[in-house]
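J.: Kindly return the folded structure for what I paste below:
(chains A and B)
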Protein chains: 2
Amino acid sequence: MKFVKIKKIIKKILIKHKLSKNHSEICSKALINAELVGAHSHGLSRLKMYCDRINQKVINPKPKIKIKKISQSISLIDANNSIGFVSADIAIKKAISSAKKTGIGLVGVKNSGHYGLSGYYAEQAVKKNLSVLCFTNAPPAIAPFGAKKSLFGTNPICFGTPTSSKIPFILDTSVSVINRGKIRVAAKSGKKIPKGVALDKKGNPTTNAKKALAGIQLPIAQFRGSGLAWMVDILSGVFTGASHGGKVRDPFDDFNGPQNVGHLFIVMKSNLFVSNYKNRIKENIKRIKKLPKLKGVKEILYPGQSRFARYRKNVSKNIILSQNVKEDLIKLLN
Amino acid sequence: MKFVKIKKIIKKILIKHKLSKNHSEICSKALINAELVGAHSHGLSRLKMYCDRINQKVINPKPKIKIKKISQSISLIDANNSIGFVSADIAIKKAISSAKKTGIGLVGVKNSGHYGLSGYYAEQAVKKNLSVLCFTNAPPAIAPFGAKKSLFGTNPICFGTPTSSKIPFILDTSVSVINRGKIRVAAKSGKKIPKGVALDKKGNPTTNAKKALAGIQLPIAQFRGSGLAWMVDILSGVFTGASHGGKVRDPFDDFNGPQNVGHLFIVMKSNLFVSNYKNRIKENIKRIKKLPKLKGVKEILYPGQSRFARYRKNVSKNIILSQNVKEDLIKLLN
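T.: Now for the predicted structure:
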């Protein structure tokens, strides 16, 4: 199916679930973008969950989102338990307009939900020639260093900046070693997972994928990754007034209340300190691409290049939906 | 020797090398702090290098440091090739005063040098009840993902925030598996480094510290760590107007010109969005410390706790200087 057609279907489903036309448009854009960049785990596979949460009254389809202006540069958004896409979209746009006016925009968001891909919001800022840091927390997935229970989310760190080409620099990296989907695939096919990725439920290191699924995932680089996950939880949760310290609800499993995810956006004019930012970043990327490569490496890619290539490839093609997603869409439409 | 006595000696040496009394005080404080927190690689082992660079006219002992005020919140500092400690100290103080006035302070620094430990500057902000992100680039030490040549520095990511105790939360993590200073110390004392930390210049794994220094250090978590290093290079180098993309000079080996390191400080009021930040962070830390622990783990530590414990232990003791450092001090004094 063409992506524009799928987008219309998503919009229709969300309107049916009481979202406004405007909010449905924002959500369908974000969801279809996740599909187009190949992040299926953040795309249509989540639509049923969002609708279930609306039905169970733990996502507010008609939120009264409050923007508290603290200064020309700084705002705090109370998302009133909106679907995450909507509050994050308002927040990044606010941070962008503040940065354009004053050089820097800082926007915190509380009472929000899972907002999809950080890179999607970063890209909005980058398209306006701005540089951006995005932080969001998430439900427990990885264990703090020394603990044998998950508490931190996959807590991505995201940084975006314009380049001299159409392809923006978008680093959007979680702090877990590998994603859960890969462990699931290994478990299904009976393959081992690498060392240092996970512990079994007793807290012993394991390369057995099934034991890993029953146990806990580890952060990258031991105490370093654990510290980065902790930083993201503080910046997006403790600092903004959202849930934190393992209290963000799992959107798939916990319908006892809203998620209360927190986000933080820091947006800066790229040419704040230099007049020739685009030339400088062009030179930076050029120097790195010119380095001698490891065997088998054709090109050194900057963060965002693969994502952009997938987008470009997918945007002209039909999107192939999995059977599960197809069934979800049919049920949700009727 | 008592640390106050060593501090006086450092100050005397720096004054002898044409630094002002004030600048010598700033530098000696930073250097002795590195010793007290146990980061010997960032302490007295570097003093000779700093003096050599002054003698070779690639550090300016009498810099005319310019602060360009862009707004109440934003400044750019041209360090005029000062010793890094001095410009970083001015920069963090400027960022602190901006954050106190407006909620956020953003300060970029160009034409600077190695500034020691990021955590030292973060701590200054945290003591004023502020939260802070510090970025600095550094001479080539780790290879971008896919490359077989070093280009990124160890490019630390540093985040500090107040807690409800005297021990601040200070995450100060390089994006290399271990920091270059530690390899340098191992090389000086002829010790081996752990496996998986570095490759020799031919691309083979090595535990020989000297071969590692001549070769490639590995980033944490492959493309993730490489991306984070790239982000830090962009934020502290490309963005500020400093050197970047592998052009920051190695302070030990390259006397052909000033280093032109760049730094970026982002400081925010901790209670910008919430009135009870200290209670919130206390609760956050409490929840994480309460988690069940892995075998052999007595306590889950937050970033900054070990550092603080080392400081407290060392501050009342005599500092034991290595033979190399002793010889350096004697030569530099005379």
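J.: for chain A, which spans come out with low pLDDT?
T.: Scanning chain A for pLDDT under 70 picks out A:181.
J.: quick one, domains of it?
T.: Taking automatic domain parsing as the criterion, chain A consists of the domains A:3-176+A:219-269, A:183-212.
J.: Pipe the ones you listed into CSV and attach mean neighbour count and distance to chain B per row.
T.: Quick note: C-beta positions are derived from backbone N, CA and C, even for glycine. Putting the domains of chain A into CSV (neighbours: other C-beta atoms under 10 Å in any protein chain shown; distance: least, C-beta to the nearest C-beta, whole Å) gives the following:
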stretch, mean neighbour count, distance to chain B
domain A:3-176+A:219-269, 22, 4
domain A:183-212, 16, 5
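J.: Now do residue A:112 against residue B:226, distance only.
T.: 30 Å (C-beta to C-beta, to the nearest Å).
J.: picking that back up, just so I know, which of the domains of chain A lies nearest residue A:294?
T.: When the domains of chain A are ranked by distance to residue A:294, counting by C-beta to C-beta, first place goes to domain A:183-212 at 18.6 Å.
J.: neighbouring contacts of stretch A:122-134?
T.: With C-beta atoms under 8 Å, 6 or more residues apart in numbering or on different chains as the test, stretch A:122-134 has contacts from A:92-93, A:95-96, A:99-100, A:118, A:121, A:156-162, A:168-170, A:172, A:263-271, B:234-235, B:239.
J.: do the same with stretch A:77-91
T.: For stretch A:77-91, the external contacting residues (C-beta under 8 Å, 6+ apart) are A:19, A:23, A:26-27, A:30-31, A:50, A:54, A:58-61, A:63-68, A:75, A:94, A:107-116, A:121, A:136, A:258-261, A:263, A:265.
J.: please redo it, this time with the cut-off set to 6 Å
T.: For stretch A:77-91, the external contacting residues (C-beta atoms under 6 Å, 6 or more residues apart in numbering or on different chains) are A:23, A:26-27, A:30, A:50, A:59-60, A:63-67, A:107, A:109-116, A:121, A:258, A:263, A:265.
J.: Figure out the length between the terminal residues of that stretch.
T.: One end of stretch A:77-91 sits 7 Å from the other (C-alpha to C-alpha, to the nearest Å).
J.: Now do the one helix or strand residue A:91 maps to: distance to the chain's middle.
T.: In this structure, residue A:91 sits in helix A:84-102 according to DSSP states H and E. Distance of helix A:84-102 from its chain centroid, counting by C-alpha atoms, centre = their mean, to the nearest Å, is 16 Å.
J.: same question, stretch A:21-33
T.: Its chain's C-alpha centre and that of stretch A:21-33 lie 15 Å apart, by C-alpha atoms, centre = their mean.
J.: Nearest residue to the residue positioned nearest the centre of chain A in space, please, no chain neighbours.
T.: Nearest to the centroid of the C-alpha atoms of chain A, with distances taken as C-alpha atoms, centre = their mean, sits residue A:117, at 2.7 Å. Beyond its immediate neighbours in the sequence, the residue positioned closest to residue A:117 (C-beta to C-beta, 6 or more residues apart in numbering or on different chains) is residue A:42, lying 5.2 Å away.
J.: Which neighbouring residues are in contact with that neighbour, exactly?
T.: Counting by C-beta under 6 Å, 6+ apart, residue A:42 makes contact with A:34, A:116, A:117.
J.: Would you mind giving the secondary structure of the first one?
T.: What that stands for is residue A:34. Three-state call for residue A:34 (DSSP: H, G, I helix; E, B strand; the rest coil): helix.
J.: wouldn't it be in contact with residue A:41 here?
T.: No - using C-beta atoms under 6 Å, residue A:34 makes no contact with residue A:41, being 8.2 Å away.
J.: From residue B:119, how far off is residue A:40?
T.: Here residue A:40 is placed at a distance of 40 Å from residue B:119 (C-beta to C-beta).
J.: next structured bit after the helix or strand where residue A:309 lies?
T.: Using DSSP H and E, the element containing residue A:309 is helix A:305-315. On the C-terminal side of helix A:305-315, the nearest following helix or strand under DSSP H and E is helix A:323-333.
J.: Restricting to C-alpha, output that following helix in PDB.
T.: The C-alpha atoms that make up helix A:323-333 are tabulated as PDB, following Å, rounded to 0.1, in the frame of the first residue of the first chain:
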ATOM      1  CA  GLN A 323      -0.200  -9.700   9.000                       C
ATOM      2  CA  ASN A 324      -0.500  -8.600  12.600                       C
ATOM      3  CA  VAL A 325      -0.500  -4.900  11.600                       C
ATOM      4  CA  LYS A 326      -3.100  -5.500   8.900                       C
ATOM      5  CA  GLU A 327      -5.400  -7.200  11.300                       C
ATOM      6  CA  ASP A 328      -4.900  -4.400  13.800                       C
ATOM      7  CA  LEU A 329      -5.800  -1.800  11.200                       C
ATOM      8  CA  ILE A 330      -9.000  -3.600  10.100                       C
ATOM      9  CA  LYS A 331     -10.100  -4.100  13.700                       C
ATOM     10  CA  LEU A 332      -9.400  -0.500  14.700                       C
ATOM     11  CA  LEU A 333     -11.200   0.900  11.600                       C
END
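J.: tell me what it is packed against?
T.: In this structure, helix A:323-333 packs against helix A:3-16, with contacts taken as 3 or more C-beta pairs under 6 Å, 6 or more residues apart in numbering or on different chains; DSSP states H and E.
J.: Keeping just the C-alphas, turn the helix it packs on into PDB.
T.: Provided in PDB are the C-alpha atoms of helix A:3-16 (Å, rounded to 0.1, in the frame of the first residue of the first chain):
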ATOM      1  CA  PHE A   3       2.300   5.300   2.500                       C
ATOM      2  CA  VAL A   4      -0.100   8.300   1.800                       C
ATOM      3  CA  LYS A   5      -3.000   5.800   1.800                       C
ATOM      4  CA  ILE A   6      -1.800   4.200   5.100                       C
ATOM      5  CA  LYS A   7      -1.400   7.600   6.600                       C
ATOM      6  CA  LYS A   8      -5.000   8.400   5.800                       C
ATOM      7  CA  ILE A   9      -6.100   5.100   7.400                       C
ATOM      8  CA  ILE A  10      -4.100   5.900  10.600                       C
ATOM      9  CA  LYS A  11      -5.700   9.400  10.700                       C
ATOM     10  CA  LYS A  12      -9.100   7.900  10.300                       C
ATOM     11  CA  ILE A  13      -8.500   5.400  13.100                       C
ATOM     12  CA  LEU A  14      -7.300   8.200  15.500                       C
ATOM     13  CA  ILE A  15     -10.200  10.500  14.700                       C
ATOM     14  CA  LYS A  16     -12.500   7.500  15.400                       C
END
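J.: now the one helix or strand residue A:122 maps to and helix A:84-102, what's the angle there?
T.: Taking DSSP H and E as the criterion, the element that holds residue A:122 is helix A:118-127. Interaxial angle of helix A:118-127 relative to helix A:84-102 (axes from the mean of the first three to the mean of the last three C-alpha atoms, to 10 degrees): 30 degrees.
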